[in-house]
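Please find the sequence and the predicted model below.
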Amino acid sequence: MRNHRTLATFKLADELALAVYATTKGFPKAEQFGLTSQMRRSAVSVPSNIVEGCARHSEAEFLHYLHIALGSARELEYQASLAFRLSLFENNEIEKLANAACRALSAFINKIRSSR
């Protein structure tokens, strides 16, 4: 079993989740059950799937959960772009962090695949 806490990809995903919670705190009340909720779920899904994948015993299962985490990160990247274009926040740091998480996850997935 892998230790998720030692993975740079997990640390980046965790930082992303914290940033999303901090940023969406300032969203309008009307977005509480809309974009705020969606962004938070996507953000939490990224590190959660890395953690769950680390708990799996086979490399194939681990990769499966990393792919789910990547999908959630891409989803969040779009949601951040949308929120920025709707002027829900001024600095689009979330989209940049989500993009960095996507790149890190893709590189990690490719590294694991190439070592097989």
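Received the coordinates, thanks. Numbering: from 1, shown residues only.

What about the residue lying closest to V20 once chain neighbours are set aside, how many residues nearby?
Spatial nearest neighbour of V20, chain neighbours left out: A43 (3.8 Å); criterion: Cβ to Cβ, 6 or more residues apart in numbering. Glycine gets a C-beta too; all of them are placed from N, C-alpha and C. Residues lying near A43 (other Cβ atoms under 10 Å) number 30.

where's A43, which helix or strand?
helix 35-55 (DSSP states H and E).

now swap in L16 and tell me
helix 8-24.

just N91 next, same as before
Take DSSP H and E as the rule and N91 turns out to sit in neither a helix nor a strand.

Return the residues in contact with the nearest residue to L82 once chain neighbours are set aside.
Of all residues not flanking L82 in the chain, L35 sits nearest, at 7.0 Å (Cβ to Cβ, 6+ apart). L35 makes contacts with 24, 27, 79, 82-83, 86, 88, as judged by Cβ atoms under 8 Å, 6 or more residues apart in numbering.

Just the buried ones from the residues you listed?
Those of those that meet the buried threshold are 24, 27, 79, 83, 88, by 16 or more other Cβ atoms under 10 Å.
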